[in-house]
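Colleague: Just a sequence and a predicted model for now, questions to come.
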Amino acid sequence: MVGSRLLLIGIFCTGLLCAPVSISAQTDFNTFWKKFKTAVVNNDKSTVASLTKFPLSMPFGVKSVKTKAEFLKGYDSILNMEANARRCFQATKPKQEEKGYAVYCTFRQLPESSENRPIRYYFKRTETGWKFEGLDNINE
């Protein structure tokens, strides 16, 4: 009987402790997203690079971006490979996924209102905070 009560108290307390973590993680992401989005919209390459995890994962058939220098050199072609990141990020909100968030964008030549949004920019929480981890074309 005492063991059952302790178990219930433990489960209850664990639930209370977990709730603030997920709220905190979401708040942390919102802060990260505002900074990342603003940097992309303002073409602030060095801030975008500082918020990126290397190696940066790329779509099928494209080599990962291994270093900050490589990222800065190919910034425009990386971020805008198939989508217009600046336009998309202004119009699109991130969606929470398994262990992170993603922003789904349309192809560059389509209007941002298009339902066809296969270009996925994804973000994960790392030891040093949220980072841009990769992009992908989910149709490939």
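Modeller: Structure's in. What do you need?

Colleague: Next secondary structure after the lowest-mean-pLDDT helix or strand in the chain?
Modeller: Here the helix or strand of the chain ranked lowest by mean pLDDT, DSSP states H and E is helix 2-41, holding a mean of 64. Heading C-terminal from helix 2-41, the first helix or strand you meet, by DSSP states H and E, is helix 45-50.

Colleague: With only the CA atoms kept, save the next helix or strand after that next one in PDB.
Modeller: Using DSSP H and E, the helix or strand that follows helix 45-50 in sequence is strand 52-57. These are the backbone C-alpha positions of strand 52-57, laid out as PDB (Å, rounded to 0.1, in the frame of the first residue of the first chain):
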ATOM      1  CA  THR A  52      24.100  26.000 -38.100                       C
ATOM      2  CA  LYS A  53      25.300  22.500 -37.000                       C
ATOM      3  CA  PHE A  54      28.200  21.200 -39.100                       C
ATOM      4  CA  PRO A  55      28.300  19.000 -41.000                       C
ATOM      5  CA  LEU A  56      25.100  20.300 -42.400                       C
ATOM      6  CA  SER A  57      23.000  17.500 -43.900                       C
END
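
Colleague: Enumerate the positions of strand 52-57 that are buried.
Modeller: Neighbour counts using 16 or more other C-beta atoms under 10 Å place 52, 54, 56 of strand 52-57 among the buried residues. Every residue, glycine included, has its C-beta placed from N, CA and C.

Colleague: what about Asn30, how many neighbours?
Modeller: Asn30 has 13 neighbouring residues, counting by other C-beta atoms under 10 Å.
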